[in-house]
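Participant: Got a sequence here, can you build the structure:
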Amino acid sequence: MKMIFIFLIVLFLFLIPILAHSQECHSDFNCKYGQRCVKAPFKMRGVCMDAVDDFGLKQFPPPDTDSMMPKVEGDCQFNTDCPIGFYCHPYYKVCVKRR
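Facilitator: Next up, the predicted model:
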């Protein structure tokens, strides 16, 4: 019984960060202010991510009406396509700030 309880606590602690950062969206209008709906190429759904500039400073752009459509191509292919301190996300093909 004690092992099951410990397992559930560990599972819960691992799921909270995953669920907290993976709000699903169809457009920027589904995300919080200051976030963008990031979609993989040719996908209709994505996840909300914070909008930042090339230095990693949080930005607050208004929702983009073009975000309702699927992306045709990614913003990057390789890590070298991104600013220093960022990497190219292998699925979403956008530059993501390193933690």
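Participant: Mind pulling the model confidence for the nearest residue to residue 68 once chain neighbours are set aside?
Facilitator: Leaving aside its sequence neighbours, residue 68 sits nearest to residue 27 (CB to CB, 6 or more residues apart in numbering; 4.3 Å). Any C-beta I mention is one placed from the backbone N, CA and C, and that applies to glycine too. Note on residue 27: pLDDT of 96.
Participant: tell me the strands in the chain, going along the chain?
Facilitator: Assignment of strands within the chain using DSSP state E yields the ranges 24-25, 35-39, 46-50, 86-88, 95-97.
Participant: Export the third one to PDB, keeping only CA atoms.
Facilitator: What it means is strand 46-50. The C-alpha trace of strand 46-50 is given here as PDB (Å, rounded to 0.1, in the frame of the first residue of the first chain):
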ATOM      1  CA  GLY A  46      -0.800  23.000 -31.600                       C
ATOM      2  CA  VAL A  47       0.200  24.100 -28.100                       C
ATOM      3  CA  CYS A  48       0.300  27.500 -26.400                       C
ATOM      4  CA  MET A  49       3.800  28.800 -25.900                       C
ATOM      5  CA  ASP A  50       5.100  32.100 -24.500                       C
END
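Participant: Identify the residues contacting that strand?
Facilitator: With contacts defined as CB atoms under 8 Å, 6 or more residues apart in numbering, strand 46-50 is touched by 21-26, 30-32, 34-40, 58, 92, 94, 96.
Participant: try 10 Å this time
Facilitator: For strand 46-50, contacts defined as CB atoms under 10 Å, 6 or more residues apart in numbering pick out 21-28, 30-32, 34-40, 56, 58-60, 67, 70-71, 89, 91-92, 94, 96-97.
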